[in-house]
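>>> Let's see this in three dimensions:
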Amino acid sequence: MRTHYCGELNRDHIDQEVILCGWAHRRRDHGGVIFIDLRDNKGLAQIVIDPDTKEAFSTAESIRNEYVLKVTCKVRLRPEGTVNKNLPTGEVEMLASTVEILNASLTPPFMLDDDTITESIRLEHRFIDLRRDQMQKNMKLRYDISKNIRQYLIMKVLLRLKPLFLPEVHLREPEIIWFHHAYIMVNFLHYRSPPNYLNRF
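Residues are numbered from 1 along each chain as shown. As a prediction, this is how the structure comes out:
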């Protein structure tokens, strides 16, 4: 569906036609030209929709925050004075030829870059809160810590076994019920007692 991620585009992609998919992070209308900041898990890309592309421009007029989009566009340098040094993609912008709305969205209860929202609102709309940049960084950090701990334990010849799904066929019913067995930690390691193995190293 996509050829590149939003946060990967730079000078090396100038004059290339790319297909991007992501969420409409923000939409701006400047003098008849519509700008959309498209967001995916790699970053932001600025999409430019010119009135000359009538069908794309008409679609862009109905786009609101958090709409899921697919955009076919051409990478070009930003005009002088409009470079955003705070973004990895800040030197380029994407001139859209087609814009497709994959999924519309209701108006979000808060902007993702709004740092003034209360914790109660964030928890009430958790699925929106998890899209925020800080929450994405927190989840990435948690993943990296877990991965590094796992790799360290593997280096210490620690075995982590996950038994296969075991099927049980019921003769009276044409169905199979799958039983998922718990993880088993081997090498004298008790799954719920971290001190038992931390003291061994």
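>>> hang on, Ala56 packs against Ser62?
No - Ala56 is beyond contact range of Ser62, at 11.5 Å (criterion: Cβ atoms under 8 Å). Placement of C-beta: from N, CA and C, glycine included.
>>> next structured bit after the longest strand along the chain?
Identified as the longest strand of the chain according to DSSP state E is strand 17-30. Downstream of strand 17-30, the first helix or strand assigned by DSSP states H and E is strand 33-40.
>>> Can I get that next one in PDB, CA atoms only?
Extracted C-alpha coordinates of strand 33-40, given in PDB (Å, rounded to 0.1, in the frame of the first residue of the first chain):
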ATOM      1  CA  VAL A  33      -3.400  25.800  -0.700                       C
ATOM      2  CA  ILE A  34      -4.100  23.100   1.800                       C
ATOM      3  CA  PHE A  35      -1.300  21.700   4.000                       C
ATOM      4  CA  ILE A  36      -1.600  18.400   5.900                       C
ATOM      5  CA  ASP A  37       0.900  17.000   8.400                       C
ATOM      6  CA  LEU A  38       0.700  13.300   7.800                       C
ATOM      7  CA  ARG A  39       1.800  11.100  10.700                       C
ATOM      8  CA  ASP A  40       2.800   7.500  11.000                       C
END
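>>> helices or strands up against that strand?
strand 17-30, strand 43-49, helix 54-61, strand 68-77 (3 or more Cβ pairs under 8 Å, 6 or more residues apart in numbering; DSSP states H and E).
>>> Buried deepest among these, which one?
Comparing the helices and strands packed on strand 33-40 by mean neighbour count (mean count of other Cβ atoms under 10 Å), strand 43-49 comes out on top with a mean of 23.
>>> For Tyr5, which non-adjacent residue is closest in space?
Once flanking residues are discounted, Tyr5 sits nearest to Lys42: 3.7 Å by Cβ to Cβ, 6 or more residues apart in numbering.
>>> on that earlier part again, which of the helices and strands packed on strand 33-40 sits closest to Glu124?
Set against Glu124 and scored by Cβ to Cβ, those come closest in strand 17-30, at 20.1 Å.
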